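Sequence first, predicted coordinates after that:
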Amino acid sequence: MIGKLVAFPTVSRDSNLALIDFVRELLRDLDADVRLTFDDGRRKANLFATLGPRCDGGLVLSGHTDVVPVEGQAWDADPFSLQQQQGRLYGRGTSDMKSFVAIALAMLPAYVPRLTKPLHLALSYDEEVGCIGVGRLIEDLARARVRPAGCVVGEPTLMAPVIAHKGKKSFRCVVRGYAAHSAYAPSAVNAVEAAAEAIAYLKRMARRRHDAGPYDKGFDVSHTTLHTGVVHGGTALNIVPHECTFDFEVRHLPRDDPDALLDELKAYLARELEPEMHRIDPRTGFEITQLSEIPALDTSGETHIVGLVQELTGNTEIGKVSYGTEASQFQRAGIPTVVCGPGSIEQAHKPNEFITLEQVQACESFLGKLMERMTVQT
């Protein structure tokens, strides 16, 4: 089943409908109630399936269907054809995160006829580009009054329970300058240089968080981070550029306010940079728009779903991670959620991505115990 899912090249820029149709056909034989929600172009879909009794409660097993691109990466074999070597399964999505979904699908037929509680399966699109698709799935559940009692998001955690992750907000800043021949640069507004000053200020803000906190030592990166990842600007060296665009992000601790950091940046731009720009042309300046948001996850260690996952994995530790997941959106919707899945995040997004057979077996054991628990009369 892992090989079948890996064979669907569901890179985020492309459709995932072939994989969704494949899963829907598998679930048809299990008498599942299946709900689909689509993106605006109907090229991608979320799938939410309910198996077993149709009533409130039960648990959600959640995973995303999209994967990151492979272009520019040196793979030793076809990334969309599963390869097994020396106790490892290689292929795009093996770790992040088709193996979790595949293991659940492969195990369902043995347990669905005996379920005494609802078991839900949630598959989303566009997680890798900002956890975009799952919002529509969750909104649909609210409209349909589907009320699960908990959720496990199977992102790669080496099967260790994770109860918290940082939130993320990403932004695009468009800098409007005023063009001129470079020989007359003082009479123009250089959008690239203005962007560079803004980016340098973001770096100073990042250093301050690094040096002074606030901190949460439970995270592998214990402070909020700011990062500029993309810059585009200018057309020719002898033209003062009239526009520059840069994208930046804030990955914040659950109790750190990203909006306060954005307000600080805007205040700096308005106070220190724009007055000089406006003296040459009042139409110049900065425009910042939000691109995406992933809320922070901060599940209480006392929550029932956390205790259940600890018990069934045999791991009493609880972790916190710096990367974002869809878990926080389920949590925000009132569904207690924990992140726990096979594989290592260290393998995610890399060439020759792999998952070990040991991790596959650990996930099989966990999901088997979980499904067995849901067949018990209470």
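Looks like it arrived, so ask away.

rest of the way, CA atoms for contacts and neighbours
Will do.

residues making contact with stretch 262-279?
177, 189, 194, 198, 201-202, 284-286 (C-alpha atoms under 8 Å, 6 or more residues apart in numbering).

per-residue confidence at the closest residue in space to N315 that isn't next to it in sequence?
Leaving aside its sequence neighbours, N315 sits nearest to A160 (C-alpha to C-alpha, 6 or more residues apart in numbering; 6.5 Å). pLDDT, A160: 96.

residues contacting P113?
Neighbours of P113 in contact, by C-alpha under 8 Å, 6+ apart: G52.

just checking, M205 touches T228?
No: contact criterion C-alpha atoms under 8 Å: M205 and T228 do not qualify, at 11.8 Å.

how's this structure carved up into domains?
2-165+296-373, 167-294 (automatic domain parsing).

could I have stretch 356-369 exported to CSV, CA atoms only?
Output of stretch 356-369 as CSV, limited to C-alpha atoms (Å, rounded to 0.1, in the frame of the first residue of the first chain):
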residue,chain,number,x,y,z
THR,A,356,12.7,2.3,8.0
LEU,A,357,10.8,-1.0,8.1
GLU,A,358,11.2,-0.8,11.9
GLN,A,359,9.2,2.4,11.9
VAL,A,360,6.6,0.8,9.6
GLN,A,361,6.3,-2.0,12.1
ALA,A,362,6.0,0.4,15.1
CYS,A,363,3.1,2.2,13.3
GLU,A,364,1.4,-1.1,12.5
SER,A,365,1.6,-2.0,16.2
PHE,A,366,0.2,1.3,17.3
LEU,A,367,-2.7,1.4,14.8
GLY,A,368,-3.5,-2.2,15.5
LYS,A,369,-3.8,-1.5,19.2
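
Tell me the buried residues in it?
356-357, 359-360, 362-364, 366-368 (16 or more other C-alpha atoms under 10 Å).

Can you get me a residue count around D40?
8 (other C-alpha atoms under 10 Å).

That one belongs to a strand?
No: if the criterion is DSSP: H, G, I helix; E, B strand; the rest coil, then D40 is coil and not within a strand.

Quick check: pLDDT value at it.
D40 is given a pLDDT of 96.

Quick check: mean pLDDT of stretch 193-208?
pLDDT averaged over stretch 193-208 gives 98.

In which helix or strand does I355 reside?
strand 354-356 (DSSP states H and E).
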